[in-house]
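Undergrad: Any chance you could fold what I've pasted below:
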Amino acid sequence: MQQTLSAGLLTLGDLNLSETQIAQMIEVPKDSKMGDFAFPTFQLAKQLHQAPVQIAQNLVKQLDTSAFAQVQAQGPYVNFFLQRNSIAKTTITQVIEQGSDFGNHTIGQQANVVIDMSSPNIAKPMSMGHLRSTVIGNSIALILNKLGYQPVKINHLGDWGTQFGKLMVAYKKWGSEEEVKQDPITNLQKYYVKFHQLDKEHPELDDEAREWFKKLENGDEEATYLWKWFRSESLKAFMKVYDELGISFDSYNGEAFYNDKMDEVVDLLAQKGLLQESQGAEIVDLGPDLPPALIKKSDGATLYITRDLAAALYRQRTYHFKKALYVVGSEQSVHFEQLKAVLAKMGYDWAQDIEHIKFGLITSEGKKLSTRAGRVILLENVLHGSVKLARNQIDEKNPTLANKEEVAHEVGVGAVIFHDLKNNRTDNFDFNLDEVVRFEGETGPYVQYTHARAMSILRKADYQETKTDITPDQIDDQTWEILKFLANFPNIIQQAALQREPSVIAKYALRLAKAFNHYYAHTKVLVADEQLSTRLALVKAVTIVLKESLRLLGVQAPDEM
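TA: The predicted model follows:
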């Protein structure tokens, strides 16, 4: 629907707007009496040197309105009323016939999109701080795949760096093999926190840590053994969490993978005359707008940007990506601006295809989570707690449910994922588990419960898919609201992909669920009359789109709850 509207407005050359810009300007009026869609003209006033009201009136005169029931200018808006009967019949038929493929597109043409996501540090537990990158990256991958792209999900593990020297010192001083084998992540984390508690008063600990890391870099047998052991035990713990979330990766190549690939980067920078010396260090000057990129410290050590340059080169050569997305917190914005700037100076046109997908913080009682300070909410504990809360509510609401444990897991884990993704990714938000696993309000369980309720209606009716003929008298305002939501689903997917914003789909799912529950509260769906098949077809279409919306967020949709 919005594509038709955007394409129509695009034919008016004097607007000087792209179809994407037009689509982003289109609004949905709160009151359907004001139209199904509205195009505001405020932004055009300066460009066209006319009052918004006049612009709206002129647009109505110029537009081809044959695709709409009515188009009218109301103040500074052009309001569009859709042809209900034709939209209703087409939409329900398409949704039911296409099923989960409804909204699929070939726009991606199977191009690779590399997504750098999750990336926890070895020997540290996965905390709530890792949730955002993991679930945002996974959802973006699912959305892009639906549009015909080939996402390549890379878990760029933090498996190298001076923190390993610190951990080795801590383990040698206060740890034991027995403790690590018993509970690897908890105890390694305990040693790491203790190191940071003591190193302020005992700076010699930092010197020892640097020595141990140097041993690791030089291939010392004991240091290498410890590093491999810490990495192996950590990965086992990470995989438990990823299995809980239902998320997998195409690559686990972490920082260590690029150890032998950084010399080439330094050589290339030197060959291109980009390296400069500054106080013994080697830098790339990025002009007045960005701080210089520090490629090598005065002691010869490389830094994150050296490694990320090597990773970018490797990924372009390996995957020939159309886009490379880095799902990393907003605080790293300057780093990624530097990365792109250095690659551009090196003459790589594909530097412009790198995008930093920023996101805000999860806080607890308003405070930032911190591994060093020991203020950590373990992700595994959150997921287990969420599943337990879901199970308690299922015991209360539906104690005879057959597959109770499976549903509790789908609802509990889904609640945590949905709660994250319903927030605009650049926003910060405070996490409270009790608010997350509610069956009412703007939550994942609310959407899941709506899907299960709709499935229950179909089971009671013994629904069999049939050809549906819709007549205008069957389309009341509540039915029409649902039909508009369903028809707009393909546009919502493209909007979410364009903005790299899963919350677009999460908010859509909430609105569709709310519209359906309003419809169900005011409509006797299962009355045996001549309109029963139409109502059941509408319910069936809602189950398909709700389930697919949740899937694109990485959330399951149980048939019963």
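Undergrad: per-domain residue ranges of the chain.
TA: When the chain is parsed with automatic domain parsing, its domains come out as 2-82, 161-234, 379-553.
Undergrad: Highest mean neighbour count out of these?
TA: domain 379-553 (a mean of 19; mean count of other Cβ atoms under 10 Å). Where you see a C-beta, it was placed from the backbone N, CA and C, and this is true even at glycine.
Undergrad: Any idea how far apart the tips of that one sit?
TA: For domain 379-553, the separation between the terminal residues is 18 Å (Cα to Cα, to the nearest Å).
Undergrad: which outside residues touch stretch 518-526?
TA: Under the contact criterion Cβ atoms under 8 Å, 6 or more residues apart in numbering, stretch 518-526 has outside partners Arg453, Ile457, Lys460, Ala461, Gln478, Thr479, Glu481, Ile482, Leu532, Arg535, Leu536, Val539.
Undergrad: what do you get if the cut-off is 6 Å, keeping everything else the same?
TA: Where contact means Cβ atoms under 6 Å, 6 or more residues apart in numbering, the residues beyond stretch 518-526 that reach it are Ile457, Ala461, Gln478, Ile482, Arg535.
Undergrad: Show the average pLDDT along the host helix or strand of the first one.
TA: Taking DSSP states H and E as the definition, one finds Ile457 inside helix 444-460. Per-residue pLDDT values across helix 444-460 average out to 97.
Undergrad: Confirm Glu355 sits in a strand?
TA: Yes: counting by DSSP: H, G, I helix; E, B strand; the rest coil, Glu355 is found in a strand.
Undergrad: sorry, back to before: can you tell me which two in the contacts of stretch 518-526 are farthest apart?
TA: The widest separation within these, taken as Cβ to Cβ, falls between Ala461 and Gln478 and amounts to 18.9 Å.
Undergrad: list the helices and strands the helix holding Ile457 packs on?
TA: Helix 444-460 makes packing contacts with helix 404-421, helix 503-522, helix 532-553 when contacts are defined by 3 or more Cβ pairs under 6 Å, 6 or more residues apart in numbering; DSSP states H and E.
Undergrad: pLDDT below threshold where in the stretch 1-150 of the chain?
TA: 1-15 (pLDDT under 70).
Undergrad: which residues of it fall in strands?
TA: In the stretch 1-150 of the chain, the strands defined using DSSP state E, counting those that start in this stretch lie at 37-40, 70-74, 77-81, 112-116, 150-154.
Undergrad: Pull up the pairing partners for the second one, direction included.
TA: Just to be clear, that refers to strand 70-74. strand 77-81 (antiparallel) (DSSP bridges).
Undergrad: can you list contacts of the strand it pairs with?
TA: Under the contact criterion Cβ under 6 Å, 6+ apart, strand 77-81 has outside partners 5, 34-40, 56, 59-60, 68-72.
Undergrad: repeat for stretch 492-507
TA: 103, 139-140, 143-144, 146-147, 357, 421-422, 424, 508, 549, 552-553.
Undergrad: one step back: show me the one of the helices and strands packed on helix 444-460 that comes nearest Lys236.
TA: Distances from Lys236 to each of the helices and strands packed on helix 444-460 were compared using Cβ to Cβ; the shortest belongs to helix 404-421, at 19.5 Å.
Undergrad: so the closest one versus helix 503-522, what angle?
TA: In terms of direction (axes from the mean of the first three to the mean of the last three Cα atoms, to 10 degrees), helix 404-421 departs from helix 503-522 by 120 degrees.
Undergrad: Show me what helix 404-421 is packed up against.
TA: Using 3+ Cβ pairs under 6 Å, 6+ apart as the contact criterion, the secondary-structure elements in contact with helix 404-421 are helix 131-146, helix 379-397, helix 444-460.
Undergrad: run the last query once more with 8 Å
TA: In terms of contacts (3 or more Cβ pairs under 8 Å, 6 or more residues apart in numbering; DSSP states H and E), helix 404-421 is packed against helix 131-146, helix 221-245, helix 379-397, helix 433-436, helix 444-460, helix 503-522, helix 532-553.
Undergrad: Contact partners for the residue nearest to the spatial centre of the chain?
TA: Here the mean C-alpha position of the chain is nearest to the C-alpha of Ile136 (Cα atoms, centre = their mean), at a distance of 2.3 Å. Taking Cβ under 8 Å, 6+ apart, we find Ile136 in contact with Met117, Val327, Ile357, Phe359, Asp420, Leu421, Arg425, Pro502.
Undergrad: Tell me the predicted confidence for the second one.
TA: Read it as Val327. In the prediction, the pLDDT value recorded for Val327 is 98.
Undergrad: Ramachandran angles for it?
TA: As for Val327, its main-chain torsions (degrees, to the nearest 10) stand at phi -90, psi 90.
Undergrad: got a list of what it touches?
TA: Ile115, Asp116, Met117, Ser118, Ser133, Ile136, Gly137, Ile140, Ile357, Phe359.
Undergrad: Repeat the analysis, applying 6 Å as the threshold.
TA: With Cβ under 6 Å, 6+ apart as the criterion, the residues that contact Val327 are Met117, Ser133, Ile136, Gly137, Ile357.
Undergrad: On the strand side of things, show who it bridges to.
TA: Beta bridges link Val327 to Ile357 when assigned by DSSP bridges.
Undergrad: how far away is it from Asp559?
TA: Distance of Val327 to Asp559, given as Cβ to Cβ, to the nearest Å: 31 Å.
Undergrad: Which one (most neighbours) among the contacts of Val327?
TA: Counting neighbours by other Cβ atoms under 10 Å, the top entry in those is Gly137, with 30 neighbours.
Undergrad: If we ignore the residues flanking it in sequence, what's nearest that residue?
TA: Counting by Cβ to Cβ, 6 or more residues apart in numbering, Gly137 lies nearest to Met117, which is 2.7 Å off, once chain neighbours are set aside.
Undergrad: quick one: the one you found and Ser133 touch, right?
TA: Yes: proximity of Met117 to Ser133 meets the contact threshold set by Cβ atoms under 6 Å, at 5.2 Å.
Undergrad: so Leu486 is in which element?
TA: Assigning secondary structure by DSSP H and E places Leu486 in helix 477-487.
Undergrad: relative orientation of that helix and helix 503-522 in degrees?
TA: Calculated by the same axes, to 10 degrees, helix 477-487 forms an angle of 150 degrees with helix 503-522.
Undergrad: Off-centre distance for helix 477-487?
TA: Computed by Cα atoms, centre = their mean, to the nearest Å, the separation of helix 477-487 from the middle of its chain amounts to 27 Å.
Undergrad: Stretch 232-250 now?
TA: For stretch 232-250, the separation from the chain centroid amounts to 18 Å (computed by Cα atoms, centre = their mean).
Undergrad: Buried ones in it, by neighbour count?
TA: Within stretch 232-250, the residues that qualify as buried are Glu233, Ser234, Leu235, Ala237, Phe238, Val241, Tyr242, Glu244, Leu245, Ile247, Phe249, counting by 16 or more other Cβ atoms under 10 Å.
Undergrad: For my notes, please list those residues in CSV and give distance to Ile295 for each entry.
TA: Formatted as CSV, the entries for those read as follows, by distance: Cβ to Cβ, whole Å:
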residue, distance to Ile295
Glu233, 33
Ser234, 29
Leu235, 30
Ala237, 34
Phe238, 30
Val241, 34
Tyr242, 33
Glu244, 39
Leu245, 36
Ile247, 34
Phe249, 29
